[in-house]
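> Give me the fold of what follows.
(2 chains)
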Amino acid sequence: MLDGLKDIIRKSSIHVCLVNTGGCNGCDIEIVALLSPRYDLEQYGIYVHNNPREADVIIVTGAMAEQWVDKLQRVYAKTPEPKIVVAVGNCPLTGDVFNQEGGNVHAPVSDFIPVDAEVSGCPPRPSEILEALLTVAPGAIAARGRQKL
Amino acid sequence: MILPIGPVHPGLKEPLRLKLKTRGEKVLSAEIDYGYIHRGIERVMEGKTWQKGIFLAERVCGICSYIHTQTFAEVFEKIAGETVTLRAQYLRVLTNELDRIQSHLLANSTYFKAMEHETLFMYMLGLREPIMDAIELLTGNRVNMGWNVVGGVKMDIKQAHMDSILEIMDKFESEYGRYVEMFESGPLVGLRSHDVGKMTRDEALMARAVGPIGRASGLKHDVREQHHTYRDHMDWKVVWRKEGDNFARTMNRFDEIWESISLIRQVINNLPPGEVRKKIEIPAGDAEYRNEAPRGEVTYSVETNGNLIKNISIRTPSIMNIDACAKYMLKDVATVSDAVATYATSDPCIACTERVIILDESGRHLDFHGVHNINSKLKG
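You can find the predicted model right below:
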């Protein structure tokens, strides 16, 4: 019963931390566009506040610049359980255009932290990001919460 | 006491470390650490053809992605000594001004969010969406448009699209004035904005501030004045102010949006007929070209052997503006929350700034504290 109650609460209030690990900013502003009245992320109980210490979902954008190699794991460790990671954009999946000779990136992000959901696109449309968040986040957070208990 | 903010912090959307030297609540000075999203984009571009380079140029910055491709294309056109057809030039102006409107709205919305005025933040983002629709109608994409090529633009515009864009502009203009007035004459937002983060004209000159940040401090400098399309065919004026505080910077962006709307109308009403793209043979050579991005002056200097890019150097406005913010605006700010709002009003775009990494002889990375702060004594 306690698990069921916790599931309901976890599903209805999802806090998001946005970490840009070295992208072009395009995905970040599409996530900011999600806050706009047209998409209105908060009607689904999702709050973007960029604080890893109280986040349930870490959204990773960007192609893992040199500085983030050790720092991303620290951000991940600071986030309390249950937590999931959503990689948004092509950069965290493959490194996109930066992952060529001369580029100073260490993509993919899944080499460093476990990634639960991936949204491709350069950048993906806000509706796609929203769809991915809504399909994956509530179920995955609840499942992960049960796992730990 | 030194108060670190970032790189992952509720107040910031992009990774950057802001070190505020405070006494009590008062902020005495500030220092900035860069280097969190350095990707080596200039190095990747070397040895590639322009067809590949233009995609990389687009991804220097996601918010002002359009102007980077335009400047990249125009620097190659300058090397070839040709100009594109008038219709293509007009279409470039149209996309540039749409991009400027959405960027300014986003910048102002970030400022309202930083000063905790959620209502205006939502209004600004709500206004921005129709503009993104107009960009999507015109180019097919919201952010990275892939619209410019060396020699013109990729697609022609249809009459139906022009009508839709004009319709969007009419609707936008009818709503927009109300929100500007809300900010301009609102007593609370005014109190939080007037005389906060003040930068005088001399300081702006010393910090080489550009764009709306420089213009709000009395530097009447807009590179669009020197651009051939704007100079010869468009009727517009440079918007500038004298106060140099947060209020002036925000109002400067608001006023520029009126100019952009007028420019969009001029383009659509006087669009000349003709081709939108022509073939340009690129000889070996080098050139430099500058354009006005939403944040200020962006410069591309390219050396090519006719086929491949031999050397490229990009100078974006944000690096000067963020340094100006750290050195002059965040000096003697009354509270820490005002300091964060002042930082937001300098319209920081970190993705733009980071194309340099500093190594010592053994290849170890050194911390980069900005152009002004390399020899700083302040340690965090």
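> which other residues reach stretch B:240-256?
Identification of contacts with stretch B:240-256 by CB atoms under 8 Å, 6 or more residues apart in numbering or on different chains yields B:100, B:104, B:107-108, B:111, B:180, B:183-184, B:190, B:192-201, B:204, B:212-213, B:215-220, B:239, B:341-342, B:345-347. Every residue, glycine included, has its C-beta placed from N, CA and C.
> Type out the PyMOL command that picks the buried ones from those.
Taking 16 or more other CB atoms under 10 Å in any protein chain shown as the burial criterion, the selection of buried members of these in PyMOL is written as:
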select buried, chain B and resi 100+104+107+108+111+180+183+192+193+196+197+198+199+204+212+213+215+216+217+218+219+239+341+342+345+346+347
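> And the helices in chain A?
Taking DSSP state H as the test, the helices found in chain A are A:2-12, A:26-34, A:68-78, A:90-94, A:126-148.
> Check which helices and strands the first one is in contact with.
Taking 3 or more CB pairs under 8 Å, 6 or more residues apart in numbering or on different chains; DSSP states H and E as the contact definition, the neighbouring helices and strands of helix A:2-12 are helix A:126-148.
> chain center to the helix it packs on, what's the gap?
Mean-position distance between helix A:126-148 and its chain equals 10 Å (CA atoms, centre = their mean, to the nearest Å).
> now do stretch B:105-115
For stretch B:105-115, the distance from its own C-alpha centre to the chain's C-alpha centre is 14 Å (CA atoms, centre = their mean).
> Give me the contact list for it.
For stretch B:105-115, with CB under 8 Å, 6+ apart as the criterion, the contacting residues are A:29, A:32, B:11, B:13, B:63, B:118, B:120-121, B:124-125, B:127-128, B:131, B:189, B:192-193, B:246, B:250, B:253-254, B:257, B:294-295, B:337, B:340-341, B:343-345, B:347.
> quick one: the residue nearest to A:Gly139 when sequence neighbours are not counted from A:Ala143, how far?
Counting by CB to CB, 6 or more residues apart in numbering or on different chains, A:Lys11 is the residue found nearest to A:Gly139 once chain neighbours are left out, at 7.8 Å. Relative to A:Ala143, A:Lys11 is positioned 11 Å away (CB to CB, to the nearest Å).
> what do you get for A:Pro52?
In this structure, A:Pro52 and A:Ala143 are separated by 21 Å, where distance is defined by CB to CB.
> Compare those two and say which is more crowded by neighbours.
Between A:Pro52 and A:Ala143, counted using other CB atoms under 10 Å in any protein chain shown, A:Pro52 has the larger neighbour count: 22 against 14.
> who's in contact with the more buried one?
For A:Pro52, the set of contacting residues under the criterion of CB under 8 Å, 6+ apart consists of A:Cys17, A:Val19, A:Ile58, A:Val75, A:Lys78, A:Thr79, B:Val8.
> make it 7 Å
Contact partners of A:Pro52, counting by CB atoms under 7 Å, 6 or more residues apart in numbering or on different chains, are A:Cys17, A:Ile58, A:Val75, A:Lys78, A:Thr79, B:Val8.
> With B:Cys64 instead?
B:Asp99, B:Ser103, B:Ala293, B:Pro294, B:Arg295.
> Mind doing that once more with 6 Å?
Shown here is B:Cys64, whose contacts under the criterion CB atoms under 6 Å, 6 or more residues apart in numbering or on different chains are B:Ser103, B:Ala293, B:Pro294.
> Skipping adjacent residues, who's closest to the last one in space?
Yep, that's B:Pro294 we're talking about. Spatial nearest neighbour of B:Pro294, excluding adjacent residues (CB to CB, 6+ apart): B:Ser103 at 3.6 Å.
> That neighbour against B:Cys61, yeah?
No - because the distance of 9.7 Å does not satisfy CB atoms under 6 Å, B:Ser103 is recorded as not touching B:Cys61.
> where does chain B come near chain A, residue by residue?
Listed as neighbours of chain A in chain B under the rule CB under 6 Å from any CB of the partner chain: B:8, B:10, B:13-15, B:35-40, B:43-44, B:55-56, B:59, B:61-63, B:122, B:125-126, B:129, B:143-144, B:351.
> Sort out which of the residues you listed are buried, if you could.
B:8, B:13-15, B:35-40, B:43-44, B:55-56, B:59, B:61-63, B:122, B:125-126, B:129, B:143-144, B:351.
> What count of nearby residues applies to residue 138?
Let's take chain A. Summarising burial for A:Pro138: neighbours were counted as other CB under 10 Å, giving 23.
> that's the wrong chain, I meant chain B
Each residue near B:Leu138 was counted by other CB under 10 Å, and the total is 22.
> Now tabulate the helices of chain A in a markdown table and tack on mean pLDDT.
Written out in a markdown table, the entries for the helices of chain A read as follows (pLDDT from 0 to 100):
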| stretch | mean pLDDT |
| --- | --- |
| helix A:2-12 | 81 |
| helix A:26-34 | 89 |
| helix A:68-78 | 88 |
| helix A:90-94 | 90 |
| helix A:126-148 | 84 |
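> can you put those helices in a markdown table and add distance to B:Leu263?
As requested, the helices of chain A are arranged in a markdown table below (distance: least, CB to CB, whole Å):
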| stretch | distance to B:Leu263 |
| --- | --- |
| helix A:2-12 | 46 |
| helix A:26-34 | 23 |
| helix A:68-78 | 40 |
| helix A:90-94 | 33 |
| helix A:126-148 | 27 |
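> Now do the same for stretch B:325-338: mean pLDDT, whole number.
For stretch B:325-338, the mean per-residue pLDDT is 86.
> Contacts only, for the residue in the stretch 201-350 of chain B that chain A sits nearest to.
The nearest approach of the stretch 201-350 of chain B to chain A comes at B:Cys349, 6.5 Å away (CB to the nearest CB). B:Cys349 makes contacts with B:Cys61, B:Ile63, B:Ser318, as judged by CB under 6 Å, 6+ apart.
> Next, give phi and psi for the first one.
Backbone geometry at B:Cys61, expressed as degrees, to the nearest 10, gives phi -150, psi 140.
> In three-state terms, label the spatially closest residue to it that is not a sequence neighbour for me.
Nearest-residue entry for B:Cys61: B:Cys352, 4.2 Å, with adjacent residues in sequence omitted and distances by CB to CB, 6+ apart. Secondary structure of B:Cys352, reduced to three states by DSSP: H, G, I helix; E, B strand; the rest coil: helix.
> B:Cys352 against B:Thr316, yeah?
Yes - taking contacts as CB under 6 Å, B:Cys352 lies within contact range of B:Thr316: 4.0 Å.
> I'd like to know how many residues surround A:Leu130.
When neighbours are defined as other CB under 10 Å, A:Leu130 has 20 of them.
> now do the one 3 residues further on
Other residues within reach of A:Leu133, judged by other CB under 10 Å, total 24.
> what do you get for A:Arg144?
16.
> Check chain B and tell me which residue is nearest its centre.
B:Arg295 (2.8 Å; CA atoms, centre = their mean).
> what sits against it?
B:Gly211, B:Pro317, B:Ser318, B:Asp347.
> one step back: would you tell me what the next helix or strand after the helix or strand encompassing the residue nearest to B:Pro294 is?
Assignment of secondary structure by DSSP states H and E places B:Ser103 within helix B:86-114. Scanning forward in sequence from helix B:86-114 by DSSP H and E, the next helix or strand is helix B:118-139.
> Now do that following helix: everything it contacts.
By CB under 6 Å, 6+ apart, the surrounding residues in contact with helix B:118-139 are A:36-38, B:98, B:101-102, B:105, B:108-109, B:112-113, B:142, B:145, B:147, B:161, B:164-165, B:168, B:172, B:179.
> how much does that helix deviate in direction from helix A:126-148?
Following axes from the mean of the first three to the mean of the last three CA atoms, to 10 degrees, one obtains 120 degrees for the angle between helix B:118-139 and helix A:126-148.
> buried set for helix B:118-139?
B:120-132, B:134-135, B:137-139.
> Next, give phi and psi for B:Asn148.
phi -90, psi 150.
> Model confidence at it, what's the number?
pLDDT recorded at B:Asn148 is 90.
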